[in-house]
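*Asks:* I would like the atomic coordinates for the input below:
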Amino acid sequence: MKALALGLAAAALLAGCGGSGSNQPAGSTMVTMTEFKFAPSTITMPHGKAVFFLVNSGSQQHDMAIRDSTGNRLAVSELVSAGDSVVFTINNIDTGTYTIYCTQQGHEASGMKGTLTVT
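*Replies:* Numbering: from 1, shown residues only. The predicted structure follows:
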């Protein structure tokens, strides 16, 4: 019984490491990525520093890229493995309407895109 309790305690400690949904930074916007969508797919935030907490709840790797109305890619997150999460920060984003999308082949065409409105 004592070994079982120690094993459970060790598992609980290890579960706290890595990409866990409980590590969302204060003030960040959580975006969940799955096949093939972002939730929420419409995000509104003030201009300036933007902090996203990306959670991959899907079974494939995903990322989040931001492009402006002229098609220029402004930023792209690191690739997030299935079941993992990352913090994606843009230090200075101007007022405007942007497209968010996954850069992995075929993901945007499959519907993995949305709108970011910066006020």
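
*Asks:* any idea which residue sits dead centre in this protein?
*Replies:* Centroid-nearest residue in the chain: Leu54, 1.6 Å away (criterion: CA atoms, centre = their mean).

*Asks:* Would you map the helices across the protein?
*Replies:* Assigned by DSSP state H, the helices in the chain fall at 2-15.

*Asks:* any weak-confidence spans in it?
*Replies:* 1-22 (pLDDT under 70).

*Asks:* what about stretch 89-109, distance to the chain center?
*Replies:* Put simply, stretch 89-109 sits 11 Å off its chain's centre (CA atoms, centre = their mean, to the nearest Å).

*Asks:* List the buried residues of that stretch.
*Replies:* By neighbour count on 16 or more other CB atoms under 10 Å, the buried set for stretch 89-109 is 90, 93, 98-104, 107-108. No exception for glycine: its C-beta is placed from N, CA and C like everyone else's.

*Asks:* which residues are in contact with it?
*Replies:* With contact meaning CB atoms under 8 Å, 6 or more residues apart in numbering, stretch 89-109 is reached by 31, 33, 36, 38, 41, 43, 47-52, 60-69, 74-76, 79, 112-119.

*Asks:* For these, which ChimeraX command selects only the ones that are buried?
*Replies:* Burial among these is assessed by 16+ other CB under 10 Å; the matching ChimeraX selection reads:
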select :31,33,36,38,43,50,51,52,62,63,64,65,66,67,75,112,113,114,116,118
